[in-house]
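In: Next come a sequence and a model predicted from it.
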Amino acid sequence: MASTGLVKLNGASSQWLGQQSFNSHVGSSTLFTTRRVSMPIRATSSSYTDELVKTAKIIASPGRGILAIDESNATCGKRLASIGLDNTEENRQIYRQLLLTTPGLGEYISGAIMFEETLYQSTTDGKKFVDCLRDENIVPGIKVDKGLSPLPGSYNESWCQGLDGLASRSAEYYKQGARFAKWRTVVSIPCGPSALAVKEAAWGLARYAAISQDSGLVPIVEPEILLDGDHPIERTLDVAERVWSEVFYYLAQNNVMFEGILLKPSMVTPGAEYKEKASPETIAKFTLQMLRRRVPPAVAGIMFLSGGQSEVEATLNLNAMNQSPNPWHVSFSYARALQNSVLKTWKGRPWNVEAAQKALLARAKANSLAQLGRYSDEGESDEAQTGMFVKGYTY
Ligand code: 13P
């Protein structure tokens, strides 16, 4: 029998404190001795607990989802190159300004994930981006991982870097106004996935989630299962179940509070090169089956990534998942499926900014309706039906 005594030393952070006393049974007699053994037990409450739950609930509010604009400078450069712009800090700022100052965005968008550069940037008129977001009731978020690197000993797979110094970086991000974080790691089906790669992905996500919660940031847990491959949907389901069971195992081991996290899964689809496409109804059926089997209802929200699907596909699939009530808020955290039309409308021309902001608002509204299960693709443009899939996509 064990009894636990917790002492709260400092309200601002969870600390390793407390003792457990054990009755040890000696031999076969009924002799019991009480030994006091010092055990490190993590305090379950920190001063951030209530705030984390509140932040997660705001982000997971009905009819709203996340705008992901946290592309690394290299990936943002590819977006800009697609419309003939150079990858300069100024161009990145102007593009992000267009997105983050869209009037009325907060009706459909509850959170925006930024790259570190953007979190500290302001508009060309000197208003901090975090203040632009707050004025629209949008929660500022920050990508905290440091990208992917080859994983030695695996089948040519990768792991995600960024745990070193994460606690101090997160504290700074909180001071700057961020209230949630994102860590994206990937799992590749054609490359295996190996047990090593899955374990590494799950462990890294769990360590990051614990550190984020300690710093007052709601962690988005994102093990992206890449669309690459020619496998059927059943194979994706199998891998997704493996990955999420391991992720939740390590989240629990790291004492992560489930009410204060958000998930960013890939939808369960066939591989991008599989011979047949699946319908939104099939994707919804497989994806929800996987989530119901693996995700506790305590989790506040499931915010899907788009993964290279077209804007319309990503919205139709989300809509199909919201045709009946779910235990969690089921919504979006799209990058490509919210930015594609915007970029093509803007083309880097100042006189197109208003039209591009309208295009963003239209996509955000479509996904808001899909979150509520009320979207129809009637009248969608051909452009919005074009996918942005890239093999081995990095962020
Ligand atoms: P996509 O919606 O483009 O897949 O974005 C992935 C991502 O992780 C954004 O945060």
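Out: Okay, I see it.
In: Can you tell me what sits against stretch 360-367?
Out: With contact meaning Cβ atoms under 8 Å, 6 or more residues apart in numbering, stretch 360-367 is reached by 65, 67, 99, 102, 104-105, 107-109, 311, 314-315, 318, 331-332, 334, 337-339, 341-342, 375, 380, 384. The C-beta positions use only the backbone N, C-alpha and C, and glycine is treated the same way.
In: Sort out for me which of those are in strands.
Out: Among those, the members found in strands (DSSP state E) are 65, 67, 109, 331, 332, 334.
In: Any chance of those residues in CSV with distance to residue 242 as columns?
Out: Below are the ones in strands among the contacts of stretch 360-367 laid out as CSV (distance: Cβ to Cβ, whole Å):
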residue, distance to residue 242
65, 27
67, 30
109, 32
331, 24
332, 24
334, 25
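In: Beta-bridge partners for residue 68, please?
Out: residue 113 (DSSP bridges).
In: Oh, that last question was meant for residue 333, not what I typed.
Out: On the basis of DSSP bridges, residue 333 is bridged to residue 66.
In: Show me which residues of the stretch 101-250 of the chain sit near the ligand.
Out: Applying Cβ under 6 Å from any ligand atom, one finds that the stretch 101-250 of the chain approaches the ligand through 113, 182, 184, 222.
In: Buried among the residues you listed? Make that a ChimeraX selection.
Out: This is the ChimeraX syntax for the buried subset of those, where burial follows 16 or more other Cβ atoms under 10 Å:
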select :113,182,184,222
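In: Which ones among the residues of the stretch 101-250 of the chain next to the ligand lie within strands?
Out: Of these, the ones assigned to strands by DSSP E are 113, 182, 184, 222.
In: Which parts of the protein are helices?
Out: For the chain, the helices defined by DSSP state H occupy 49-59, 73-81, 89-100, 116-119, 129-135, 166-176, 195-214, 233-253, 280-294, 311-321, 336-346, 353-371.
In: can you redo those as JSON lines with mean neighbour count and mean pLDDT?
Out: Output for the helices of the chain, formatted as JSON lines (neighbours: other Cβ atoms under 10 Å; pLDDT from 0 to 100):
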{"stretch": "helix 49-59", "mean neighbour count": "19", "mean pLDDT": "98"}
{"stretch": "helix 73-81", "mean neighbour count": "16", "mean pLDDT": "95"}
{"stretch": "helix 89-100", "mean neighbour count": "19", "mean pLDDT": "98"}
{"stretch": "helix 116-119", "mean neighbour count": "20", "mean pLDDT": "98"}
{"stretch": "helix 129-135", "mean neighbour count": "19", "mean pLDDT": "98"}
{"stretch": "helix 166-176", "mean neighbour count": "17", "mean pLDDT": "98"}
{"stretch": "helix 195-214", "mean neighbour count": "22", "mean pLDDT": "98"}
{"stretch": "helix 233-253", "mean neighbour count": "19", "mean pLDDT": "98"}
{"stretch": "helix 280-294", "mean neighbour count": "19", "mean pLDDT": "98"}
{"stretch": "helix 311-321", "mean neighbour count": "26", "mean pLDDT": "97"}
{"stretch": "helix 336-346", "mean neighbour count": "23", "mean pLDDT": "95"}
{"stretch": "helix 353-371", "mean neighbour count": "21", "mean pLDDT": "97"}
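In: Any idea which of those gets closest to residue 303?
Out: Among the helices of the chain, helix 49-59 comes nearest to residue 303, with 7.6 Å by Cβ to Cβ.
In: Does the ligand have contacts with stretch 79-94?
Out: No: under the criterion of Cβ under 6 Å from any ligand atom, the ligand is not reached by stretch 79-94; the shortest gap measures 10.3 Å.
In: hmm, back to that, wait, which of the helices of the chain is closest to residue 273?
Out: It's helix 233-253; of these, that one is closest to residue 273 (Cβ to Cβ) at 12.5 Å.
In: which strands and helices sit next to the closest one?
Out: helix 195-214, strand 218-225, helix 280-294 (3 or more Cβ pairs under 8 Å, 6 or more residues apart in numbering; DSSP states H and E).
In: can I get the CA coordinates of that helix in PDB?
Out: Presented in PDB, the C-alpha positions along helix 233-253 are these (Å, rounded to 0.1, in the frame of the first residue of the first chain):
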ATOM      1  CA  ILE A 233      -6.200   3.200 -46.300                       C
ATOM      2  CA  GLU A 234      -6.100   0.100 -44.000                       C
ATOM      3  CA  ARG A 235      -2.300   0.400 -43.800                       C
ATOM      4  CA  THR A 236      -2.600   4.000 -42.800                       C
ATOM      5  CA  LEU A 237      -5.100   3.100 -40.100                       C
ATOM      6  CA  ASP A 238      -2.800   0.400 -38.700                       C
ATOM      7  CA  VAL A 239       0.200   2.800 -38.600                       C
ATOM      8  CA  ALA A 240      -1.900   5.700 -37.100                       C
ATOM      9  CA  GLU A 241      -3.100   3.400 -34.300                       C
ATOM     10  CA  ARG A 242       0.400   2.300 -33.500                       C
ATOM     11  CA  VAL A 243       1.700   5.900 -33.500                       C
ATOM     12  CA  TRP A 244      -1.100   7.300 -31.300                       C
ATOM     13  CA  SER A 245      -1.000   4.500 -28.800                       C
ATOM     14  CA  GLU A 246       2.700   5.100 -28.300                       C
ATOM     15  CA  VAL A 247       2.200   8.900 -28.100                       C
ATOM     16  CA  PHE A 248      -0.500   8.600 -25.400                       C
ATOM     17  CA  TYR A 249       1.700   6.100 -23.500                       C
ATOM     18  CA  TYR A 250       4.500   8.600 -23.200                       C
ATOM     19  CA  LEU A 251       2.300  11.600 -22.700                       C
ATOM     20  CA  ALA A 252       0.900   9.700 -19.600                       C
ATOM     21  CA  GLN A 253       4.400   8.800 -18.500                       C
END
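In: Right, I'll call it a day here.
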